[in-house]
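Novice: pasted the sequence and its predicted model underneath.
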Amino acid sequence: MNKRGLSGIVATVILILLVIVATTVVWTMVSNLIEKKTEGVESCFDVGFSEKVIFNQDYTCFDSAKNETQFSINIGDIDIEKVLVSISYAGTSKSFTLTKEAQSLSGLVTYPSRGTSIVMPDKNSGLTYIATGITEQPEWIKIAPYIGEKQCEVSDTIYEPEDCELFG
């Protein structure tokens, strides 16, 4: 009789240990998977970019006579690698990825010189650009920063920018 009772206790202890080991293995795998999926994304939330990567509405407008959209970007006290600017109009859209290194982007020039060497604004500064070939009033212009190699959420949007003639 004593042997049967002892075997039941040993079996119960072994079962409890197996459950603990299995739970630990599953927890480790799940937490590693979650950490890999969210790696870099938390940096978008930490910096409060929605107030630091914005359009300057005073210099953002649509010129219907020239089929151009002028937009101005201000970058605050934040380190970002690049920004994505998207313009939606007439059922289509144009996107431009601005980086710290000078590049030539089809359909985008600098304001007011109309130069083709395009760079994004430095930290704590702003620049204005002209997107050419925009045939109708844009529905919206959006900007999204990149931190690391991860694209963050849209930080600013301008809906139906005003006519540039009103700025004249």
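Specialist: Nice, thanks for sending it over.
Novice: max-length helix in this structure?
Specialist: As assigned by DSSP state H, the longest helix anywhere in the chain is helix 2-38.
Novice: may I see the buried residues of that helix?
Specialist: Along helix 2-38, not one residue counts as buried under the neighbour rule (16 or more other CB atoms under 10 Å). Heads up, the C-betas are built off the backbone N, CA and C, glycines and all.
Novice: for the record, mean pLDDT for it?
Specialist: Averaged across helix 2-38, the pLDDT comes to 83.
Novice: same for it, what does it pack against?
Specialist: Applying 3 or more CB pairs under 8 Å, 6 or more residues apart in numbering; DSSP states H and E, one finds that helix 2-38 makes contact with no other helix or strand.
Novice: give me the distance from that helix to the chain's centre.
Specialist: What separates the centre of helix 2-38 from the centre of its chain is 41 Å, taken as CA atoms, centre = their mean, to the nearest Å.
Novice: go on, stretch 151-160?
Specialist: Per CA atoms, centre = their mean, the centroid offset for stretch 151-160 relative to its chain is 9 Å.
Novice: stretch 110-118 too?
Specialist: 24 Å.
Novice: also stretch 139-153?
Specialist: Stretch 139-153 has its C-alpha centroid displaced from the chain centroid by 3 Å (CA atoms, centre = their mean).
Novice: got a list of what the residue positioned nearest the centre of the chain touches?
Specialist: For the chain, the residue whose C-alpha lies nearest the mean C-alpha position (CA atoms, centre = their mean) is residue 152; its distance is 2.5 Å. By CB atoms under 8 Å, 6 or more residues apart in numbering, the contact list for residue 152 reads 44, 49, 144, 145, 146.
Novice: any chance of the residues you listed in CSV, plus secondary structure and pLDDT?
Specialist: What follows is these, written out as CSV (DSSP: H, G, I helix; E, B strand; the rest coil; pLDDT from 0 to 100):
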residue, secondary structure, pLDDT
44, helix, 70
49, helix, 58
144, strand, 93
145, strand, 92
146, strand, 89
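Novice: out of those, who has the most neighbours?
Specialist: Compared across these, residue 145 has the highest neighbour count, 27 neighbours, by other CB atoms under 10 Å.
Novice: tell me the spacing between the closest residue to residue 103 other than its chain neighbours and residue 20.
Specialist: Among residues not flanking residue 103 along the chain, residue 118 sits closest, at 5.6 Å (CB to CB, 6 or more residues apart in numbering). Going from residue 118 to residue 20 by CB to CB, to the nearest Å gives 58 Å.
Novice: also residue 144?
Specialist: 45 Å.
Novice: same deal with residue 56?
Specialist: 58 Å.
Novice: confidence-wise, which helix or strand of this structure is lowest on average?
Specialist: Least confident helix or strand of the chain, by mean pLDDT, DSSP states H and E, is helix 41-46 with a mean of 60.
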